[in-house]
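Q: The sequence and its predicted three-dimensional model are supplied below.
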Amino acid sequence: MSSTVSPLQPCLHPIYARLLCAALRQRGFDEAQILAGTGLDWAQLHGDNRSLNFAQVQRLVRRAVQLTDCPWLGLQVGCATQVSAHGPVGYAALACADLRGVLQVLERFSVLRLSSLRLTGYLEGERYCVRADEEFDLGDVREHILATIAGTFLRLLEAVCGALPVGELRFTFPFAEPAWGAHYRELLGPGVEFAADCYSVSLPLAWLDRPSLSADPQAARIALRDCERQLLDVREGGDWTTRVQLRLLACEGRYPTLGQLADEYHLSERTLIRRLREEGGNYQQLLDEVRQELACWLLLNTPLSVEAVAERLGYQDTSNFSRTFRRWLGMTPNAWRNGQLAVPAP
């Protein structure tokens, strides 16, 4: 696992959170029930394409499993996900000439949709394997995330190649077989193994030359150019909103002013304001969001007292921090912490 990647850095395209919310709506839960205690806003989640960080994903998954009492919910959601949900990465994969090209697209560009895992392809005898290594500990939502990926991968293969002999596919998961393991074999086929070193999927080497049903060289070139452009943006630090978020996440209680931040980027204050506004935000909004996420993360994942968390976030007065936290999540820090810790792990 990489020690340079933080669980509070943006890591998941919001469409996957929307799909999870849609699955919960189909089960009869309303918006307020779905997002209770997550710190997420329904309108923002469905109208803003900024990636979610892992802490937000973790809270939403925990809430979803709590509501449904269905620990294999991620597998169901993954198996129901259409290829179009993957944006340019999905379009590029669909338009490839063959399955070999599809896997190359996934290995190179999956980071554009989910950056908490690193995909690597390799040969193993007469099989081709793709393994996923965690950039940081996925904790109690590991099963949900990996099961979702497995279901999504199977649907993508079927969209590209048509019906496949699923008995030839092998999925390995890095956790002990759960009591609901039969659901994995029902949805993914018989080649499911648990207690592995890492998540992986493998298929016969001969499958790599299977032609795509939707091969389109021109569409592939367009989609791949889009993917390469997005990948370059990511490597250069992302958009201005992401750059500012990451800079604020690196702070320890003393946050720079807007003017100081502009100086760091060699911009005028007006220029930085304009660039953030063009992306739909502003500095104070981003600072509030970073402080909220850090507060939730520290309350849930450390033994720090509320007073220590307030100090860590730059609040001189704990009561001021508590009032702000209540505005964010509708309850006091202690009440939120106790409620989250009482939620059973997925």
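A: Received the coordinates, thanks. Numbers count the residues shown, from 1 in each chain.
Q: low pLDDT regions in the stretch 101-250 of the chain?
A: Scanning the stretch 101-250 of the chain for pLDDT under 70 picks out nothing.
Q: Helices of that one, start to end?
A: Using DSSP state H, counting those that start in this stretch, the helices found in the stretch 101-250 of the chain span residues 142-161, 181-188, 217-235, 240-249.
Q: Those: which one's closest to Ser51?
A: helix 240-249 (7.8 Å; C-beta to C-beta). C-betas here are computed from N, CA, C, even on glycine.
Q: and the angle for the closest one with helix 217-235?
A: Angle, helix 240-249 to helix 217-235, by axes from the mean of the first three to the mean of the last three C-alpha atoms, to 10 degrees: 30 degrees.
Q: Which helix or strand contains the residue lying closest to Leu208 once chain neighbours are set aside?
A: Spatially, and ignoring its direct neighbours in sequence, Leu208 is nearest to Arg100 (4.1 Å; C-beta to C-beta, 6 or more residues apart in numbering). If you go by DSSP states H and E, Arg100 is part of helix 99-109.
Q: Same list as before, the helices of the stretch 101-250 of the chain that is, but in TSV and with distance to Cys296 included.
A: TSV is the format used below for the helices of the stretch 101-250 of the chain (distance: least, C-beta to C-beta, whole Å):
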stretch	distance to Cys296
helix 142-161	19
helix 181-188	31
helix 217-235	25
helix 240-249	13
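Q: which of those sits most buried?
A: helix 142-161 (a mean of 22; mean count of other C-beta atoms under 10 Å).
Q: other SSEs contacting it?
A: helix 54-68, helix 73-79, helix 87-95, helix 99-109, strand 127-134, helix 181-188, strand 199-204 (3 or more C-beta pairs under 8 Å, 6 or more residues apart in numbering; DSSP states H and E).
Q: same thing but at 7 Å, please
A: Judged by 3 or more C-beta pairs under 7 Å, 6 or more residues apart in numbering; DSSP states H and E, the packing partners of helix 142-161 are helix 73-79, helix 87-95, helix 99-109, helix 181-188, strand 199-204.
Q: Run through who's touching it.
A: 61, 71-75, 77-79, 81, 83, 93-94, 99, 102, 132, 138, 164, 171, 173, 175, 187-188, 199, 201, 210, 212-214, 346 (C-beta atoms under 7 Å, 6 or more residues apart in numbering).
Q: Check stretch 259-272 too.
A: With C-beta under 7 Å, 6+ apart, stretch 259-272 has contacts from Val244, Arg247, Leu258.
Q: Tally up the residues packed near Glu31, please.
A: Residues contacting Glu31 under the criterion other C-beta atoms under 10 Å number 15.
Q: could you check the distance from the residue nearest to it when sequence neighbours are not counted over to Ile34?
A: Nearest residue to Glu31 in three dimensions, chain neighbours excluded: Trp42, at 4.6 Å (C-beta to C-beta, 6+ apart). Going from Trp42 to Ile34 by C-beta to C-beta, to the nearest Å gives 8 Å.
Q: same thing with Gly281?
A: 24 Å.
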